[in-house]
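*Asks:* using only what follows, build the 3D model:
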Amino acid sequence: MSFWKKQLLIAIIVLSLTSLPLVGFCKTLHSLPGTDTKSLAVTIYNQGKILINEVREITLQSGSKPFELVFEGVPTSIDPTTLQIKSSSSKFTVLDQNYEYDLINTKNLLNKFIGKEVEVLIPDPKGSEKGAMILKKGKLIANNDRPIFEIDNRVYLGSYSSIMLAGIPGNLRARPALVWLIKNEGPKKQKIEVTYLASNCSWKADYVLKVARDNSRADLSGWVTLDNKTGKTFENASLKLVAGKLHQVLPAPVVSDLAREYRAAPMAKAQMKEESFFEYHLYSLPRKVTIKNNQTKQISLLQAQGIKVKRVLIAKNNSPGFYYSMYSGPSRKSHPSIYIKFKNSKEDGLGIPLPKGIVRAYQESSDGSTLFIGEDRIEHTPKNEEVNLKVGEAFDITIERKQTSFEKLGSRAVENGWEIKVRNAKDKPDSVILEEFIPGDWKFVNNNAGFKKISSNWVRTIVKVPPEGEKVLTYKVRIKY
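*Replies:* Model (predicted):
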């Protein structure tokens, strides 16, 4: 037989083996492949956990003899210790349960054939044609970094092209599966409900804030971004999202009553429904959704128009070390931070709990084009709380701080003076909030800047700066330490 005819024959053998059905090698009596799903619900948590609740319908044998029940189509990231199973029959008993993840791959297949006969396609030393191969029978004696064979009573360490196996062992699976040892003394036709936790599925919120030209109103839209890397596609699933920080894994919720009819959620509106749940917040999508494995999906979370907002400029000085020594260097210049602020209240146009996420702010320019003006991250924000978004720094407002005096008052006290200049390069007036951190036990010697104490070490004043103008503030403080 010529070399190419041999290659064709080998290809046919390989294709024949790989197309063999796995069921013939399995010893289980009943299988739930995942195509008989009656309902599927997933709940995704911020910390990358997902709770899966799935109901499948199957016809079982009935009697006192135990049998194996195989539940296929589970995520590779399943936590088997969280597994719960329930039947619509009270005479359905689980004797033991297993998560089997010894999957079919080259290494696992070869490991099952160690010490057994295989066929190996190796170079033919006697072949007349260049690259000629020969199919030899031998024994696989090891499979560590590479397979080692015994061929013709000698150990073969050379190259090979293919390895032919007699079949697929019954204890290997194409996909992970849950396997229960069951005793069913109830009816044959039943609904089986399975609940478990898995990892590698997460969600986050992303927001778009479109600020009006006068900075008084804004439209807010929120999107949920789902990222599924569980190893499973969730088809036509009811979706819930839990917002909040879990200290530990939540116990699985009470499973549903299997005696009732399962109905699809009504398709009302794209926005997700929000409700309180335990000490967290739950967001439910009023329609079914398919989340593919290795897919990022976005779903509309909220839409709010005309929210009351305000733009605020804040310049914070948080350098306590400058108060304890004489600073003879150049004055320090900075620009105030730009904040977009709004209250999460119904009165101001919002009033719903906001999951943590990134808010990206936009505003229209004079020609009508929408431009990005900055972004900030918010934490979980209950209703009636204030949202402060730091979106950038004000280009045309300059803050210049300079130490004007310094005096030591003994070994445990100092007195120093400061000058703050606020310059406005714009052709319209503006206001800046100045906040200063003063360390130790302190008091003002003079306060021409009009600072007011807002906490033990912070003071604040509001400076109104004329167009293309400047305001100069001074103060002196005595500090004990």
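
*Asks:* please spell out which residues along stretch 110-129 are buried.
*Replies:* Neighbour-count burial for stretch 110-129, counted by 16 or more other Cβ atoms under 10 Å, picks out Leu110, Asn111, Lys112, Phe113, Val118, Val120, Leu121, Ile122, Asp124. Just so you know, the C-beta spots here come from the backbone N, C-alpha and C atoms, and that holds for glycine as well.

*Asks:* just how off-centre is it within its chain?
*Replies:* Averaged C-alpha coordinates place stretch 110-129 at 47 Å from its chain's average position (Cα atoms, centre = their mean, to the nearest Å).

*Asks:* now do that stretch: everything it contacts.
*Replies:* Stretch 110-129 has contacts (Cβ atoms under 8 Å, 6 or more residues apart in numbering) with 2-3, 10, 131-143, 147, 149, 151, 156, 158-166, 169, 171-172.

*Asks:* relative to Ser161, how far out is the most far-flung residue of the chain relative to its centre?
*Replies:* The outermost residue of the chain, judged against the average C-alpha position, is Ser128 (60.0 Å), by Cα atoms, centre = their mean. Using Cβ to Cβ, to the nearest Å, Ser128 is found at 18 Å from Ser161.

*Asks:* among the buried residues of stretch 110-129, which lie within strands?
*Replies:* Val118, Val120, Leu121, Ile122 (DSSP state E).

*Asks:* could I get the contacting residues of the nearest residue to Lys333 once chain neighbours are set aside?
*Replies:* Spatial nearest neighbour of Lys333, chain neighbours left out: Glu400 (5.1 Å); criterion: Cβ to Cβ, 6 or more residues apart in numbering. Neighbour list for Glu400: Ser331, Arg332, Lys333, Ile420, Lys421, Val422, Arg423 [criterion: Cβ under 8 Å, 6+ apart].

*Asks:* can we see that at 10 Å?
*Replies:* Pro330, Ser331, Arg332, Lys333, Ser334, Glu419, Ile420, Lys421, Val422, Arg423, Glu470, Val472 (Cβ atoms under 10 Å, 6 or more residues apart in numbering).

*Asks:* and for the third one, the neighbour number?
*Replies:* To tie it back to what came earlier, the one meant is Arg332. Look at Arg332: counted by other Cβ atoms under 10 Å, it has 14 neighbours.

*Asks:* now the residue nearest to Lys333: how far from Ala449?
*Replies:* As judged by Cβ to Cβ, Glu400 and Ala449 stand 14 Å apart.

*Asks:* and Pro355, by the same measure?
*Replies:* Distance from Pro355 to Ala449, by Cβ to Cβ: 40 Å.

*Asks:* the more surrounded of the two?
*Replies:* Per other Cβ under 10 Å, whichever of Pro355 and Ala449 has more neighbours is Pro355, with 25 against 20.

*Asks:* that older thread, show me which of the buried residues of stretch 110-129 is closest to Asn236.
*Replies:* Lys112 (36.8 Å; Cβ to Cβ).

*Asks:* mind listing the residues bridging to the residue nearest in space to the middle of the chain?
*Replies:* Among the residues of the chain, the one closest to the centroid is Ser202, at 3.1 Å (Cα atoms, centre = their mean). Assessed by DSSP bridges, Ser202 has beta-bridge partners Asp227.
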